[in-house]
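> Fold the following, please.
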Amino acid sequence: MHSPTIERRGIMLVLSSPSGAGKTTLARRLLACESGIEMSVSVTTRKPRPGEEEGKDYYFVSESEFRRMRDAGELLEWARVFDNYYGTPRLPVERALAAGRDVLFDVDWQGAQQLNEKVSQDLVRVFILPPSGEVLEQRLKSRREEPEVIKRRMAEAAAEISHWAEYDYVIINSDLETSVAGLRAILAAERLRRERLLGLSEFVREMQKSL
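Residues are numbered from 1 along each chain as shown. Prediction:
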């Protein structure tokens, strides 16, 4: 039996977590096993690192161009990290959503708040928690970070975790496969939300005529 095609507006899927909770691994796994979703590409004022590609890893711009984009409302969110600026260009995201493609974001709670202020209707926020503070500390130690760096990251984790209740979903990442399955279930459910199915009203009207 032929399945009807109904146009859908895309989703902005935000993942946030403290460093070491496994967010990057989850994002990579989701991109590898789900079609129709792409990673948001940020604009930055920092210099490209070896192997990084323009438009794939980042859009590299001057500080004056970044400020122009920010002041013109061309960024959905932005932040200064140490001596560099990072932000999300509005136009590529809007084009993807209008075409029914989903966009994955790796941002902290401040970025998530900025996105929520501007595009809350398209936003789905997921917070990734470690199974415990002890596990988080062990994961950071396994990276062979300096003790002072680990101490700072643990303090940052406490501040980040305090914003968990601002998110729509929470995944406790104790088992990678279970967490990936949970993330895919969230994506599947949000794709079926009535307000995102643009042709649904017309589809139902046509069905009613045939009854």
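> C-alpha only now, for contacts and for neighbours.
OK.
> Let's see the lowest-mean-pLDDT helix or strand in the chain as CSV, backbone CA atoms only.
Scoring the helices and strands of the chain by mean pLDDT, DSSP states H and E places helix 133-142 at the bottom, with a mean of 87. The C-alpha coordinates for helix 133-142 follow below in CSV (Å, rounded to 0.1, in the frame of the first residue of the first chain):
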residue,chain,number,x,y,z
GLY,A,133,30.3,12.5,39.5
GLU,A,134,32.8,9.7,40.2
VAL,A,135,32.4,8.4,36.6
LEU,A,136,32.7,11.8,35.2
GLU,A,137,36.0,12.4,37.0
GLN,A,138,37.3,9.0,35.9
ARG,A,139,36.5,9.9,32.2
LEU,A,140,38.3,13.2,32.5
LYS,A,141,41.3,11.4,34.1
SER,A,142,41.4,8.9,31.3
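> low-confidence ranges in the chain?
1-3 (pLDDT under 70).
> What segments of it are strands?
For the chain, applying DSSP state E gives strands covering 12-16, 37-39, 42-44, 58-60, 75-81, 84-89, 102-106, 123-129, 169-172.
> most tightly surrounded among these?
Mean neighbours per residue, mean count of other C-alpha atoms under 10 Å, is largest over those for strand 12-16, with a mean of 25.
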